[in-house]
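generate a structure from the sequence data that follows.
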Amino acid sequence: MCRHPALQLRVVCFCVGGTVVYYVWAVAAPAFAISERGIDPTSALWAGSIATVLFMIALPFWGALSDRIGRRPVLLVCFGALVILMFPLNWMIRDDAWQLFAAMSTALIFVAGLASITPAVGLMAVSAAAVYLMPETSGISLDDEDNES
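Numbers count the residues shown, from 1 in each chain. Predicted coordinates:
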């Protein structure tokens, strides 16, 4: 059933890792800043909201970069940066909302690099599953003129 278990495990780890990092910085960081660092809840909400807008703005730029240099370099740079910056960004959050904003923005800009390639990777996974489950679909494309009725 499983022809490439190491590859499948790697894909699962990347997906889980990206999801965890996103939720740590987009969802849990403001709550952590409020409860553990004493940041005003309204200020934390604004810091998180503006950082999330920056995340959305960064998505197409990372997508364009991945179109130019490939998905693998973008994936490796973003995961590498997040691994290296995880503790310094957490340390950066002290008792002021601008510190939360700076840490969240930095982390979410790199998370945007991961999120920008997710649709392409997901489409490849669905295509591969379709070919695996329905071998007769191999070699058929949506714009294939030979398949028109």
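
for S35, see how far away F110 is.
In this structure, F110 and S35 are separated by 25 Å, where distance is defined by C-beta to C-beta, to the nearest Å. C-beta coordinates here come from the backbone N, C-alpha and C atoms, glycine included.

same deal with M86?
Using C-beta to C-beta, one gets 19 Å for the distance from M86 to S35.

and the two? Which one has more around it.
Neighbours of M86 and S35, each counted by other C-beta atoms under 10 Å, are more numerous for M86; the result is 14 against 11.

how much space between the more buried one and G80?
When C-beta to C-beta is applied, the distance between M86 and G80 equals 11 Å.

quick check: closest non-adjacent residue to V74.
Taking C-beta to C-beta, 6 or more residues apart in numbering as the measure, V74 lies nearest to S66, with 4.3 Å between them; neighbours along the chain are not counted.

so the one you found is in which element?
helix 41-69 (DSSP states H and E).

which parts of this structure are helices?
Listed in chain order, the helices found in the chain under DSSP state H are 5-23, 29-37, 41-69, 71-92, 97-133.

could I get those as TSV with mean pLDDT?
Conversion of those to TSV gives the following (pLDDT from 0 to 100):
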stretch	mean pLDDT
helix 5-23	82
helix 29-37	95
helix 41-69	96
helix 71-92	94
helix 97-133	81
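
ok, back up a step: just checking, the residue nearest to V74 touches S116?
Yes: counting by C-beta atoms under 8 Å, S66 sits close enough to S116 to count as a contact (6.3 Å).

who has more neighbours out of the two?
More crowded of S66 and S116, by other C-beta under 10 Å: S116, with 22 against 19.

for D67, see how far away the more buried one is.
Taking C-beta to C-beta as the criterion, S116 is separated from D67 by 10 Å.

could you do S49 as well?
From S49 over to D67 (counting by C-beta to C-beta), the distance is 29 Å.

before we move on, what about E36?
When distance is defined by C-beta to C-beta, E36 is 40 Å away from D67.
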